[in-house]
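Asks: Got a predicted structure plus its sequence, pasted below:
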Amino acid sequence: MKKNFYNILKGKFLVSDDAFRNWRFIIFLSFLALIMIASSHSADKKVHRIAKLSNDVKELKSEYLDVRKQLMQSKMETKITKAMEKRGLQPSVLPPQVLKITTKK
């Protein structure tokens, strides 16, 4: 057992007569390791993209709420009255009149 361990440390399994089988296995393991590393990098990129998109969604929701608040405030009657006073328009003092149209048959 001690001799086999030393042979592995010295790398004799790579230069022996049946080394071709060992090299194929080593290359196969290396290929699997490369695939695993690429998969890990791909997963990390996706996680970072998801985090960025969720931050963008939060920012857009905040902006939406701000714009909606401004719109609601600009629709208020007092705001409209002030804006129209600058243009010289004033609200009517007289109430609106209802017109009834009757048709003869």
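Replies: Right, received. Where do you want to start?
Asks: which SSE is I26 in?
Replies: Assessed by DSSP states H and E, I26 sits inside helix 19-74.
Asks: after that helix, next one along is what?
Replies: Using DSSP H and E, the helix or strand that follows helix 19-74 in sequence is helix 77-86.
Asks: ok, and what's touching that next one?
Replies: With contacts defined as Cβ atoms under 8 Å, 6 or more residues apart in numbering, helix 77-86 is touched by 73-74, 90-91. Every residue, glycine included, has its C-beta placed from N, CA and C.
Asks: rerun at 10 Å
Replies: 72-74, 76, 89-91 (Cβ atoms under 10 Å, 6 or more residues apart in numbering).
Asks: Could you pull out the buried residues of it?
Replies: Residues of helix 77-86 include none that count as buried (16 or more other Cβ atoms under 10 Å).
Asks: circling back to that earlier point, farthest-apart pair in the contacts of helix 77-86, please.
Replies: Pairwise distances across those (Cβ to Cβ) peak at 23.8 Å, for the pair M72 and Q90.
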